[in-house]
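>>> 3D model of this:
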Amino acid sequence: MSEEKSNRETPPSEDSETEQPSTPEGAVAAESEVNELQERLLRTQAELENYRKRSRREYEDAQRYREIELLRDLLPVLDNVLRAIEASENTSDVDSLRSGFRMMAQQIEKLLESHGCSTIKTDGTVFDPTVHEAILQQPSNDVSPGTIVGTTSRGYKLHDRVVRPAQVIVAAQS
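Next up, the predicted model:
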């Protein structure tokens, strides 16, 4: 019976890898392997933490400097505005100043378009509250009610998102 009890307490193992080494050399080798695995685990954890920190830092830098390309594109426009101001001090020709400001406005519009920003269509279109802000209703016999008859402030979209709604005058029933 004691032999039977002994067999139940320590069942024979078929897997020799999970058995504890019976020799001192085997114990030293197993301990060395455990130490090596622990070191690898620590190194891997440190590498992962370094990766997380680096990724976070790169993301923060990208957010902090995301407007740099837009600013580089805006600086020539600012240079033209400053030149126009300087020219206005030396000339009384209003038409040439007006022409210069028109060119700058066109330059800004092209720049905005190149960055995915477009003007919201207004005059002659049907009022759309998702992109237009009605600031006034005006009776009109020329167009149907709900049609935009004037724009007081242009609206802009960045790709598919409204940056600023267009402020418009909408035809009302007369």
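
>>> low pLDDT regions in the protein?
Filtered on pLDDT under 70, the chain yields the residue ranges 1-22.

>>> So it: which segments form each domain?
As recorded under automatic domain parsing, the domains making up the chain are 24-66, 67-115, 118-174.

>>> deepest of these, which one?
Highest mean neighbour count of those: domain 118-174, a mean of 15 (counted as mean count of other CB atoms under 10 Å). (C-beta placed from N, C-alpha, C; glycine too.)

>>> can you tell me which helix in this protein is longest?
Criterion DSSP state H: the longest helix present in the chain is helix 24-64.

>>> What's the first helix or strand after that helix?
Next helix or strand after helix 24-64 toward the C-terminus (DSSP states H and E): helix 68-90.

>>> how close does residue 44 get to residue 162?
Going from residue 44 to residue 162 by CB to CB, to the nearest Å gives 47 Å.

>>> same thing with residue 34?
From residue 34 to residue 162 the distance is 61 Å (CB to CB).

>>> Could you do residue 140 as well?
As judged by CB to CB, residue 140 and residue 162 stand 26 Å apart.

>>> can you check residue 173 too?
Separation of residue 173 from residue 162 (CB to CB): 28 Å.

>>> what's the answer for residue 106, then?
From residue 106 to residue 162 the distance is 23 Å (CB to CB).

>>> what does residue 60 give?
According to CB to CB, residue 60 and residue 162 sit 28 Å apart.

>>> Also residue 102?
Applying CB to CB to residue 102 and residue 162 gives a distance of 26 Å.

>>> How about the contacts made by the residue nearest the centre of the chain?
The residue lying closest to the centre of the chain (CA atoms, centre = their mean) is residue 63, at 7.7 Å. By CB atoms under 8 Å, 6 or more residues apart in numbering, the contact set of residue 63 is empty.
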